[in-house]
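Asks: Sequence plus the predicted model coming up.
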Amino acid sequence: MMRRLASAEFAVSSLIKATGYSAILFIVLIFIFLLREGAPAVLEIPIRDLLGSRWYPIEGYFGLLPLIGGTVLVTIGATLVAVPLGLSTAIYIAEVAPRWLREVLKPVVEVLAGLPSVMLGFLGIIALAPYIRRALDIPTGLSAFTGAILLGAMAIPTVVSVAEDALDAVPRTYREAAKALGATEWQIIWRVTLPAARSGVLTAIMLGIGRVIGETMAVMMVTGNAPVIPNGLTALFRPTRTMTATIAAEMGEVATGSVHYHALFLIGIVLFMISLIINLTGARFVFRQRTRAERILS
Amino acid sequence: MPRVLPSSKPFLVVTLLLGLLLSGCSTGSGDPSIGATDIIVNKGSDTIVNLALAWAEAYKVAEPQVDIAVTGGGSGTGIAALINGTVDVANASRQIKPEERASAEGNGIEPNEFVIARDAIAIVVNPSNPVNELSISQLSDIYSGKIDNWSELGGEDRPIVRLSRESNSGTHVYFLEQVLRKGDKEDKTLFSPDTLLLPSSEGIISEVRENPNAIGYDGLGYVTNEVKVIAVARDASNPHVLPSVQTVNSAEYPISRDLYMYTAGEPTGPILAYLEWIFRPEAQTIVSDLGFVPALP
């Protein structure tokens, strides 16, 4: 009897272990595949050309800087939209809103998170871009700014949902203790609840940024896709081309194994590295903040 | 996590699969070819996709046992699929490049070319733009970035927003060679880097319709009456001409080109029958109905 139980437990626990490790295995396999397809580009294209200012692959121009610049520009813009709005919404839902409103708002936000990006891109072309062109009096509404607003709006539900869960998980006793010490509601939110939920809130921001960097369809539809290196603040109001849009727009045309094909996979590697760095920095922050928060609150 | 999606252009890709239910009605005939369904996979140029769809529908009526699956994606996409052996017929609005032919031959595929129709590329602007005519060299200067404001062309004091198709489009390549470089093979003029590369023909029309600063180019078949077509002159000694079937056939309109279909090797069987049908009058009538110019016999 005991032996049968033990063997069942062994089977279940090794199954769970296998599924756990398989996630790591898949990441490694994806990275190996990207390296195999993308690394030849570094040998085929001189480094000086890869650092050039022009991306026009059908004539052999493979400068990656405009594309990296475009992704960075749109991502920073979208983060500036999504983080303040997302966090304040999460704080409102978790800390301020009455119970009934909270039960309405949370599911609505989660439905928003599931909206297909093509649909939002379509809305962006039809409604947002023309409006932004007229309101800001810029040459065209198909710009990095439009992309940043649209992607920011797409990332907000992710940020709200995860951050709200984290705030909600802070024990009631923390707030009660702070109240007993005479803290105002604002002081409780800013000095107690937010620091205690810091790791979850940072995860929310990381997931939001991840959503923005990886977004392809909507960004391809509204940013105009002109590969220009952004210089200065005005670049935000001009067309730009992101790495994801480049891969999506050009992958269909290339012959397998050509220089252009390898260059597109090289862009994939760069994207992979960027999101890896963001996630690792996020994880380090989360780890450090948790120990500090525990020290303060325990 | 970056999402790397090859060919994620659902709004471009129009897929038509006709009569999948028609298989298996050969009972009692004794001849295995009667009632058997042949599928021809047809992919490529977005310029040709509407024409290819109309042909596929008409051919279904004429030859019910043949199904033609039509997809867009761009000329480069179609030719790449031909090279990789995943299509029977590739549509292209430009000729196959020597390096594409070489890589096809490397895969043991000999691309075979057919000129199936002709197309004019219309230059379009917003209806509120007072500019009515341009020459090829003015167009070249606009798209290469030498002219930046409509006032230099007799228009209002507005910045020029240049719209183009993505570089996988045959229209893009044709425009680069015949307009920006004026047909000169030695000319290395490039599109100005701030040219907007839009992923679809509809994208160009909708931005031109909405934005008084914009200039775009598109196949004549895509032009709607919500945008204004510009009359184009070959050079200073020639008149400005609007694109139409007459001006394309008489070669008066300077920006017109042939449209192609490519097969892997000499076509045989149902593919040959389909290509022969395309050159019959009933198929070439569809060409003019869609705003293209029929292929000269």
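Replies: Noted; the coordinates are in hand. Numbering: from 1, shown residues only, chains lettered A, B, ... in the order given.
Asks: And the helices in the stretch 151-298 of chain A, which stretches?
Replies: Assigned helices in the stretch 151-298 of chain A, in chain order: A:172-180, A:185-187, A:194-196, A:198-214, A:217-222, A:243-250, A:259-297 (criterion: DSSP state H, counting those that start in this stretch).
Asks: just those helices: most buried one?
Replies: Mean neighbour count (mean count of other C-beta atoms under 10 Å in any protein chain shown) peaks for helix A:217-222 among the helices of the stretch 151-298 of chain A, with a mean of 28. All C-beta atoms are positioned from the backbone trio N, CA, C, and that covers glycine.
Asks: Secondary structure element holding the closest residue to B:Val293 other than its chain neighbours?
Replies: Nearest non-adjacent residue to B:Val293, counting by C-beta to C-beta, 6 or more residues apart in numbering or on different chains: B:Arg118, 4.0 Å away. Using DSSP states H and E, B:Arg118 sits within strand B:111-125.
Asks: Now the helix or strand where B:Leu259 lies: average pLDDT?
Replies: Element membership for B:Leu259 (DSSP H and E) is strand B:256-264. Per-residue pLDDT values over strand B:256-264 give a mean of 91.
Asks: that older thread, is it possible to export the helices of the stretch 151-298 of chain A to a markdown table including mean pLDDT and distance to B:Arg234?
Replies: Putting these into a markdown table (pLDDT from 0 to 100; distance: least, C-beta to C-beta, whole Å) gives the following:
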| stretch | mean pLDDT | distance to B:Arg234 |
| --- | --- | --- |
| helix A:172-180 | 91 | 78 |
| helix A:185-187 | 90 | 72 |
| helix A:194-196 | 90 | 68 |
| helix A:198-214 | 89 | 47 |
| helix A:217-222 | 90 | 35 |
| helix A:243-250 | 92 | 32 |
| helix A:259-297 | 80 | 33 |
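Asks: Between those helices, which one is closest to chain B.
Replies: Chain B lies closest, by C-beta to the nearest C-beta, to one member of the helices of the stretch 151-298 of chain A: helix A:259-297, at 3.7 Å.
Asks: Can you show me the CA trace of stretch A:218-237 as PDB?
Replies: The C-alpha trace of stretch A:218-237 is given here as PDB (Å, rounded to 0.1, in the frame of the first residue of the first chain):
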ATOM      1  CA  ALA A 218      -1.200  47.500 -34.400                       C
ATOM      2  CA  VAL A 219       2.200  49.100 -34.500                       C
ATOM      3  CA  MET A 220       2.700  48.200 -38.200                       C
ATOM      4  CA  MET A 221      -0.700  49.800 -39.000                       C
ATOM      5  CA  VAL A 222      -0.300  53.200 -37.300                       C
ATOM      6  CA  THR A 223       3.400  54.100 -37.100                       C
ATOM      7  CA  GLY A 224       4.000  54.700 -40.900                       C
ATOM      8  CA  ASN A 225       7.000  52.300 -40.900                       C
ATOM      9  CA  ALA A 226       9.600  54.800 -42.100                       C
ATOM     10  CA  PRO A 227      13.000  53.600 -41.000                       C
ATOM     11  CA  VAL A 228      14.400  56.900 -39.700                       C
ATOM     12  CA  ILE A 229      16.900  57.100 -36.700                       C
ATOM     13  CA  PRO A 230      15.000  59.100 -34.100                       C
ATOM     14  CA  ASN A 231      16.900  62.200 -33.000                       C
ATOM     15  CA  GLY A 232      15.400  64.600 -30.500                       C
ATOM     16  CA  LEU A 233      11.900  64.900 -29.100                       C
ATOM     17  CA  THR A 234      10.300  65.800 -32.500                       C
ATOM     18  CA  ALA A 235      11.000  62.300 -33.700                       C
ATOM     19  CA  LEU A 236       8.100  61.200 -31.500                       C
ATOM     20  CA  PHE A 237       5.700  63.100 -33.900                       C
END
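Asks: residues of it that come out buried?
Replies: By neighbour count on 16 or more other C-beta atoms under 10 Å in any protein chain shown, the buried set for stretch A:218-237 is A:218-230, A:235-237.
Asks: go on, stretch A:81-99?
Replies: Across stretch A:81-99, burial judged by 16+ other C-beta under 10 Å covers A:81-83, A:85-87, A:89-95, A:97.
Asks: what about B:Leu197, which SS state?
Replies: What DSSP: H, G, I helix; E, B strand; the rest coil gives for B:Leu197 is strand.
Asks: out of everything not next to it in sequence, what's closest to it?
Replies: A:Asn225 (4.3 Å).
Asks: Please apply the same query to A:Leu142.
Replies: According to C-beta to C-beta, 6+ apart, the nearest residue to A:Leu142 is A:Gly224 (3.6 Å).
Asks: What ranges does chain B have for its helices?
Replies: With DSSP state H as the criterion, chain B has helices at B:46-62, B:75-83, B:98-106, B:136-144, B:170-175, B:201-210, B:245-249, B:269-278, B:281-289.
Asks: of all these, which lies closest to B:Ile68?
Replies: For B:Ile68, the closest of the helices of chain B is helix B:46-62, at 3.9 Å, according to C-beta to C-beta.
Asks: Could you name the helices and strands sitting against the closest one?
Replies: Judged by 3 or more C-beta pairs under 8 Å, 6 or more residues apart in numbering or on different chains; DSSP states H and E, the packing partners of helix B:46-62 are strand B:66-71, strand B:89-92, strand B:111-125, strand B:256-264, helix B:269-278, helix B:281-289.
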